[in-house]
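Undergrad: Return a 3D structure for these sequence lines:
(chains A, B, C and D)
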Amino acid sequence: MKKILIANRGEIAVRVARACRDMGIPVAAVYSDADRVSLHVLEADEAVRIGPAPALESYLDIEAVIAAARKVGADAIHPGYGFLAENWQFAKRCEDEGLKFIGPSSKALHLVGDKIRSRETMLAEDVPIIPGMLGAPDSDDECLEKANEIGYPVLVKASAGGGGKGMQVVRSEGDLMNAIETSRRVAKSAFGDDTVYVEKLIERPRHIEFQILADEHGNVVHLFERECSIQRRHQKIVEESPSTAVDSDLRARMGETAVKVARAVGYANAGTVEFLLDEDGSFYFLEVNARIQVEHPVTEFVTGIDLVREQILIASGEKLDITQDDLMQRGHAIECRIYAEDPANGFLPSSGKILSLLEPAGPGVRHDCGIYEGWEVPVHYDPILSKLIVHAADREAARLRMLRALSEFAILGIATTIDYLREIIASDAFAAGETQTDFIEKHMANRHADGPDDDVVHAALIAGALSLSAEVGRRVAGRRRELSPWDTLGGWSIGRETS
Amino acid sequence: MKKILIANRGEIAVRVARACRDMGIPVAAVYSDADRVSLHVLEADEAVRIGPAPALESYLDIEAVIAAARKVGADAIHPGYGFLAENWQFAKRCEDEGLKFIGPSSKALHLVGDKIRSRETMLAEDVPIIPGMLGAPDSDDECLEKANEIGYPVLVKASAGGGGKGMQVVRSEGDLMNAIETSRRVAKSAFGDDTVYVEKLIERPRHIEFQILADEHGNVVHLFERECSIQRRHQKIVEESPSTAVDSDLRARMGETAVKVARAVGYANAGTVEFLLDEDGSFYFLEVNARIQVEHPVTEFVTGIDLVREQILIASGEKLDITQDDLMQRGHAIECRIYAEDPANGFLPSSGKILSLLEPAGPGVRHDCGIYEGWEVPVHYDPILSKLIVHAADREAARLRMLRALSEFAILGIATTIDYLREIIASDAFAAGETQTDFIEKHMANRHADGPDDDVVHAALIAGALSLSAEVGRRVAGRRRELSPWDTLGGWSIGRETS
Amino acid sequence: MEYEFSVAGEKYAVRVEGKPPHARVVIGERKYEVDWSQVPGGVISMIVDGESRTARVAARDGGLVVWVDGHRLDLDVGTAEDESVGRAGGGAGGSGIIKAPMPGSVVKVLVSEGEEVSAGQSLVIVEAMKMENEVRSPLDGVVKAVNVSAGDSVGTSETMVEVEPAE
Amino acid sequence: MEYEFSVAGEKYAVRVEGKPPHARVVIGERKYEVDWSQVPGGVISMIVDGESRTARVAARDGGLVVWVDGHRLDLDVGTAEDESVGRAGGGAGGSGIIKAPMPGSVVKVLVSEGEEVSAGQSLVIVEAMKMENEVRSPLDGVVKAVNVSAGDSVGTSETMVEVEPAE
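TA: Numbering: from 1, shown residues only, chains lettered A, B, ... in the order given. Next up, the predicted model:
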């Protein structure tokens, strides 16, 4: 590949740019008016404005992105995650334009994007799926019939879209019709498609996903599991690998199933097969995430494989040079997603200027960062700021390292989830690996019972008072700072201003 | 361990502090007057002043360090590298005081610190050593006799000390006596001991060293090799693992020898066994580095083992929970040492304020850093600022990643070796793995034949002109910067100053 | 110098004595001996009775935000009873004596004597702790006096602007 | 505005036209269209004819140091022939017309009229690009005129101090 256009922003655009530069491939960024000085623009070799701040008029504008790729002469587009990453029409448009879309084919994207069709495909392949409806129901009565057949509790889900939007839990027959109506209404407004279906509700499951890599020559491997059960409003916030709930036998069976899923849909490139793992050890196929995932670094730490590099090699038509036998898990990795959200205020998104930024570092610490000190976080996009990933020899060492890294991590100027994540990682439940999907409601409901220790409060008070006193000192001196020996560099030559 | 005092400064003190915090152990720093706001002090839980800037009156002052440990109630001391790390008297003093010295016993330190005695020990164990003298010579004539016996070229070396100090190459009998005289003089002033000896000179060797871990219960493993052949004035500047010159058979033989060396001297804790590898494939024991090495991170990347953590566990009396069979090399790691030295000016040390610092980051990049923006680099100590380490699936991917990371790395305000290192890594000879110890003289003598490209010069000129024009703009506006929407936070409440 | 802060609703009086780099800081009954140094980037390095504490301090609406050794705390400067001026958006009420929220320098004066102002309107821009902050009127009224001009250094005890309440 | 730089002994005249965030920059025959923005921390983001160039600029003795996309270059401001004042340590010689090396503000004036000064002696401290710099006398002599005082903004064309050469 001669030049890659990255059709994304934030930390993932920075991370993809690094992979390209690691391979010696020039990188073009795109930016909206809100992102002119965002980190992904500063890090790119070229940059093209694609529209105003709203994503619909910039990062989601297929024509603007295609035009930008044409303008810089890119021969490939990396979509990152979100925005156009799983939009099969966009992939098709790239294919038609002769631009390589770094991801699966539009055909595979189309298939895995439709939950009902992919469930049908999986059933035909003997992939375990959650008991429920196979096709789009003809009527609400058909839903009722199915719900009674599989037994309550059931879930009513939207056929299109994701992120739990429109999902309804129904515990008895009497509540079903209301739930269907609500679900249809939400799905209609969110996705423009009000098709819903019912399936069996698995209680207190784990969310286990398998990373796969598939080339365009039929080779498929899996890179083991990630556990992503800790979610808030169906958004993952902490991910890890390996899972505390998966032993080597289960890992082998789930991994084989993931590979089978990828083959069944004709998948090429990097992808993720999501499963629900029941407490009884049975697992069910959920969906395919047809993109690089936010949480891909935990797999990179554990397997030593650079997934974005593999994406680019696969899209270049190369054969995988990794076999399943080459792959092994080493140590344990944990990721925390750092959001610009205010935990003290209902997790409302926070925007504004980063007044101070101290990034954690050191052995076994990776910070995939999309921000810098002095930058203003815009209000228009997903509030993810960065991802903190740690790796150590075992889970407890990784957990303690994550605590250390979070305690080194300062962001001032906006609200973030750093302290909230520290509480999660420090909790007994997390330490014990009790990470079912109800973790947040069960273990984080009564947070902030204790305030910070007295000595921390006093240290902060001392720092505050000293900084105000220094401010007074500066004002009195009438100068911004003391002259240090280094400042007195010696006489300068004189420049000439000719106009 | 309840509290560890770190008897060091700079990047290694920061790195050791992180290992302690990763294990939940409080950390006390020591500092000289030149280091009050150095990074290792900012990162510690406690900090004790141990004296004025000169190292002899602070970091090398055994009594001051012991007193600091007593003051904070530390039960262990980590010496880092350099300073007191291989001082057997210091280790003995710790032992006598009941403080755990995190390193080998004073007895083992004493033995390996004496080159002649350790050569004798190795010969008795059938460890291959470079042909030469075994004991301290009684006279210069004995040196002459030996030199004539083993054949020229020979090396005259100081028995005490390291870093190549006092080393002299002698190519014919006529030059020997002069060389001995010079060597004695240098050794006397550097180490207070003018004992010298002669040995066979191996031409164009590789410098290959094996990392070992040994517990206090007799278990010893090796963590494979590092190649550190690229040296300037006998100081390593680029290190990597694996070595391009070592195949699996040679690796196994050298590794076994390294383990044998450790056992022979009763070594416990982390250490390094250095070898010279001849072009014909024969290898010779050189010496034991009885400390954590500057270049330890390449081994950590390749093996997944945290060496400083292992040091602490071993010093706590724990048994190694790693066997030789557990260990494997994954991928390839390279380290570049970033020195405050001016390559354009004979590598003179550079000191002053760090006006701007941009640290490289991203997947597979680790920056062990001892500096921060705004800090003044003192003149009193070793000019190492930080270490940049990368890891990737193979050597070429690691090499390209190192080039990317170096190109992301900005330090303004002082001279550094960053650009020089880029040239080394970019060179054909490095790419081909031609990393014999004469690398610098052979491949870096005619550097800077080409200046930077025109487009880079023009970009710099544009940036310079724009920043001066912005400076004018600010002066004209009479304000330091524009008011942004974020600055207008809304009305403040009013504080009260009561005095 | 004495400062009043409140943290999570609790009030603290903090007295600072001595000259840099040494300070004695008194909080209630507790006395701390502090060796301190400002580090570029809004960082303060403190050795408090032997403990190394590294803090980052930035201005925020109503006070400071302080990060210290992994903890982030909001410090309100002054306390509710001490407020001679209500917060912006708090509407009318309070007196019209407008002081600087922190020691700083006046960047711009946005009103002049005799001008009618309404609650929430910006009166003066003050730069403190590297942030520019609008100081707003707590009430509707008329500007009676303007005692500062651009470039002035102001403390927290000086009245910058007086607003006579409407009615 | 036009600036003269020299890089590795080669001289360049750089002309900047237009208002931020757009500039046309002319270097010799080459014209560049630049979209640029200052980023906190001494960083300048430039999109130069579509290429994204991120630079860090700091002051150094005799000019600027610029890091741009992985390359670090020293830019001397002005060139040998244009120097109306020799470098410090260059001893006597040159005229006694002392100008500011860069646009900046005067932090302190260290001499007064009638004072005897010697070559290398500091005359004025100027802050520019976040650095304070001593401007020194190129020759032995007597201060004939001091045209600036602390707090003044100065450009590079203004004479700050005049020194009448001894003998």
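Undergrad: List the residues that contact the residue most central in space within chain A.
TA: With distances taken as C-alpha atoms, centre = their mean, A:Val294 lies nearest the centre of chain A, 2.4 Å away. Neighbour list for A:Val294: A:Ile12, A:Tyr81, A:Lys236, A:Arg337, A:Ile384, A:Lys387 [criterion: C-beta atoms under 8 Å, 6 or more residues apart in numbering or on different chains]. Backbone N, C-alpha and C define where each C-beta goes, glycine included.
Undergrad: make it 10 Å
TA: Contacts for A:Val294 (C-beta atoms under 10 Å, 6 or more residues apart in numbering or on different chains) come out as A:11-12, A:80-82, A:228, A:235-236, A:239, A:335, A:337, A:368, A:382, A:384, A:387.
Undergrad: Repeat that for A:Gln235.
TA: By C-beta under 10 Å, 6+ apart, the contact set of A:Gln235 is A:Gly163, A:Gly164, A:Cys228, A:Val294, A:Arg337, A:Tyr339, A:Glu341, A:Phe347, A:Asp382, A:Ile384.
Undergrad: Separate out the buried members of these.
TA: Among the contacts of A:Gln235, those classed as buried by 16 or more other C-beta atoms under 10 Å in any protein chain shown are A:Cys228, A:Val294, A:Arg337, A:Tyr339, A:Glu341, A:Phe347, A:Asp382, A:Ile384.
Undergrad: Partner strands of the strand ranked longest in chain A and their direction?
TA: Taking DSSP state E as the criterion, chain A has its longest strand at strand A:220-232. Strand A:220-232 has the following strand partners under DSSP bridges: strand A:206-214 (antiparallel), strand A:235-241 (antiparallel).
Undergrad: Now mean pLDDT too, for these, in a markdown table please.
TA: Below are the strands paired with strand A:220-232 laid out as a markdown table (pLDDT from 0 to 100):
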| stretch | mean pLDDT |
| --- | --- |
| strand A:206-214 | 98 |
| strand A:235-241 | 96 |
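Undergrad: CSV for the ones you listed, including distance to D:Ala8?
TA: Converted to CSV, these look like this (distance: least, C-beta to C-beta, whole Å):
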stretch, distance to D:Ala8
strand A:206-214, 47
strand A:235-241, 50
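Undergrad: right, and those strands - which one's nearest B:Glu318?
TA: strand A:235-241 (25.6 Å; C-beta to C-beta).
Undergrad: angle of the helix or strand in which A:Val390 is found against strand A:235-241?
TA: A:Val390 is part of strand A:384-392, with elements assigned from DSSP states H and E. Counting by axes from the mean of the first three to the mean of the last three C-alpha atoms, to 10 degrees, strand A:384-392 lies at 20 degrees to strand A:235-241.
Undergrad: What residues does the stretch 151-300 of chain A have near chain B?
TA: A:His296, A:Pro297, A:Glu300 (C-beta under 10 Å from any C-beta of the partner chain).
Undergrad: For the first one, which non-adjacent residue is closest in space?
TA: When the adjacent residues along the chain are set aside, A:His296 lies closest to A:Leu307, with 4.9 Å between them (C-beta to C-beta, 6 or more residues apart in numbering or on different chains).
Undergrad: quick one: contacts for that neighbour?
TA: A:15, A:19, A:211, A:213, A:223, A:270, A:292-293, A:296-297, A:299-300, B:363.
Undergrad: per the record, what domains does chain C have?
TA: C:2-78, C:88-165 (automatic domain parsing).
Undergrad: Need those in TSV (columns: distance to chain D).
TA: Output for these, formatted as TSV (distance: least, C-beta to the nearest C-beta, whole Å):
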stretch	distance to chain D
domain C:2-78	9
domain C:88-165	9
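Undergrad: right, and those - which one's nearest chain A?
TA: domain C:2-78 (3.1 Å; C-beta to the nearest C-beta).
Undergrad: for the closest one, what is the average pLDDT?
TA: Model confidence over domain C:2-78, given as mean pLDDT, is 92.
Undergrad: Test my guess that A:Ala410 contacts C:Val43.
TA: Yes: assessed by C-beta atoms under 10 Å, A:Ala410 is found in contact with C:Val43 at 9.5 Å.
Undergrad: Which residues are in contact with each of these two?
TA: Counting by C-beta under 10 Å, 6+ apart, the residues touching both A:Ala410 and C:Val43 are A:Ser356, A:Leu358, C:Thr54, C:Ala55, C:Arg56, C:Trp67.
Undergrad: which of the residues you listed has the most neighbours?
TA: Of all the shared contacts of A:Ala410 and C:Val43, the highest neighbour tally under other C-beta atoms under 10 Å in any protein chain shown goes to C:Ala55, namely 26 neighbours.
Undergrad: Please tell me how far it sits from C:Gly70.
TA: 11 Å (C-beta to C-beta, to the nearest Å).
Undergrad: now swap in A:Ala19 and tell me
TA: A:Ala19 is 31 Å from C:Gly70, by C-beta to C-beta.
Undergrad: These two: which is more packed in?
TA: Neighbour count, other C-beta under 10 Å: between A:Ala19 and C:Gly70, A:Ala19 has more, with 26 against 19.
Undergrad: There's contact between that one and A:Pro297 in this structure, I believe.
TA: No: using C-beta under 10 Å as the test, A:Ala19 is too far from A:Pro297 to be in contact (11.9 Å).
Undergrad: can you list residues touching both of those two?
TA: What both A:Ala19 and A:Pro297 touch, as defined by C-beta under 10 Å, 6+ apart, is the set A:Asp306, A:Leu307, B:Pro363.
Undergrad: Among these, which one sits closest to B:Ala245?
TA: Nearest to B:Ala245 among the shared contacts of A:Ala19 and A:Pro297, with distances taken as C-beta to C-beta, is A:Asp306, at 25.9 Å.
Undergrad: ok now do that closest one, which residues does it touch?
TA: Residues near A:Asp306 by C-beta under 10 Å, 6+ apart: A:18-19, A:22-23, A:296-297, A:300, A:312-313, B:331, B:363-364, B:391-393, B:397, B:401.
Undergrad: and if we set it to 8 Å?
TA: By C-beta under 8 Å, 6+ apart, the neighbours of A:Asp306 are A:Ala19, A:Asp22, A:Glu300, B:Pro363, B:Gly364, B:Ala392, B:Ala393, B:Ala397.
Undergrad: again, but for A:Leu123
TA: A:Ile129, A:Leu134.
Undergrad: and it, helix, strand or coil?
TA: Of the three states, A:Leu123 takes helix under DSSP: H, G, I helix; E, B strand; the rest coil.
Undergrad: separation between it and chain D?
TA: For A:Leu123, the distance to chain D equals 49 Å [C-beta to the nearest C-beta, to the nearest Å].
Undergrad: next one: A:Arg399
TA: Taken as C-beta to the nearest C-beta, the span from A:Arg399 to chain D is 34 Å.
Undergrad: now the buried ones among the contacts of A:Gln235 in JSON lines, with pLDDT?
TA: Output for those, formatted as JSON lines (pLDDT from 0 to 100):
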{"residue": "A:Cys228", "pLDDT": "97"}
{"residue": "A:Val294", "pLDDT": "97"}
{"residue": "A:Arg337", "pLDDT": "98"}
{"residue": "A:Tyr339", "pLDDT": "96"}
{"residue": "A:Glu341", "pLDDT": "93"}
{"residue": "A:Phe347", "pLDDT": "89"}
{"residue": "A:Asp382", "pLDDT": "90"}
{"residue": "A:Ile384", "pLDDT": "95"}
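Undergrad: can you redo these as a markdown table with secondary structure?
TA: Compiled in a markdown table, the buried ones among the contacts of A:Gln235 are given as follows (three-state DSSP):
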| residue | secondary structure |
| --- | --- |
| A:Cys228 | strand |
| A:Val294 | coil |
| A:Arg337 | strand |
| A:Tyr339 | strand |
| A:Glu341 | strand |
| A:Phe347 | coil |
| A:Asp382 | coil |
| A:Ile384 | strand |
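Undergrad: now, among those, which is nearest to A:Lys115?
TA: Nearest member of these to A:Lys115, counting by C-beta to C-beta, is A:Cys228, at 18.4 Å.
Undergrad: isn't the closest one right up against A:Lys236?
TA: Yes: applying C-beta atoms under 8 Å, one finds A:Cys228 in contact with A:Lys236, separated by 4.4 Å.
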